[in-house]
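Engineer: how does the following fold in three dimensions:
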Amino acid sequence: MAWIPLFAGLLVAIAKFARPLETPWDRIGTTRRAAAGVLAAGLAYFALAA
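Structural biologist: A predicted model of the protein is given here:
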């Protein structure tokens, strides 16, 4: 039971650190977004074709 506050504090710290990572597409332009989409589609095709 003594570990519960430690894990709760660790969870709060991780959540605070990871919060900006939830919306990474807000700071990226249209060209990079399109490139990421094309790359994801290519990797999906490669994974399904193999």
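
Engineer: what mean pLDDT does the longest helix seen in the chain get?
Structural biologist: Determined from DSSP state H, the single longest helix within the chain is helix 30-49. Helix 30-49 comes out with an average pLDDT of 92.

Engineer: identify each buried residue in that helix, please.
Structural biologist: By neighbour count with 16 or more other C-beta atoms under 10 Å, helix 30-49 contains no buried residues. Backbone N, C-alpha and C define where each C-beta goes, glycine included.

Engineer: name the helices or strands packed onto it?
Structural biologist: Under the contact criterion of 3 or more C-beta pairs under 8 Å, 6 or more residues apart in numbering; DSSP states H and E, helix 30-49 touches no helix or strand at all.

Engineer: which residues touch it?
Structural biologist: Defining contact as C-beta atoms under 8 Å, 6 or more residues apart in numbering, one finds that helix 30-49 is touched by Trp25, Ile28.

Engineer: number the chain from 393, please
Structural biologist: With the count now opening at 393, the last piece we talked about shows up as helix 422-441.

Engineer: send the alpha carbons of that helix over as CSV?
Structural biologist: What follows is helix 422-441 as a C-alpha-only set of coordinates in CSV (Å, rounded to 0.1, in the frame of the first residue of the first chain):
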residue,chain,number,x,y,z
THR,A,422,0.5,20.7,-44.8
THR,A,423,3.5,19.4,-46.7
ARG,A,424,4.9,17.4,-43.8
ARG,A,425,1.4,16.1,-43.0
ALA,A,426,1.0,14.9,-46.6
ALA,A,427,4.4,13.3,-46.6
ALA,A,428,3.6,11.4,-43.4
GLY,A,429,0.3,10.2,-44.9
VAL,A,430,2.1,8.9,-48.1
LEU,A,431,4.8,7.2,-46.0
ALA,A,432,2.1,5.6,-43.8
ALA,A,433,0.2,4.4,-46.8
GLY,A,434,3.4,3.0,-48.4
LEU,A,435,4.3,1.1,-45.2
ALA,A,436,0.8,-0.3,-44.9
TYR,A,437,1.0,-1.5,-48.5
PHE,A,438,4.4,-3.1,-47.9
ALA,A,439,3.1,-4.8,-44.7
LEU,A,440,0.0,-6.2,-46.4
ALA,A,441,1.9,-7.2,-49.6
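
Engineer: I am finished for the moment; much appreciated.
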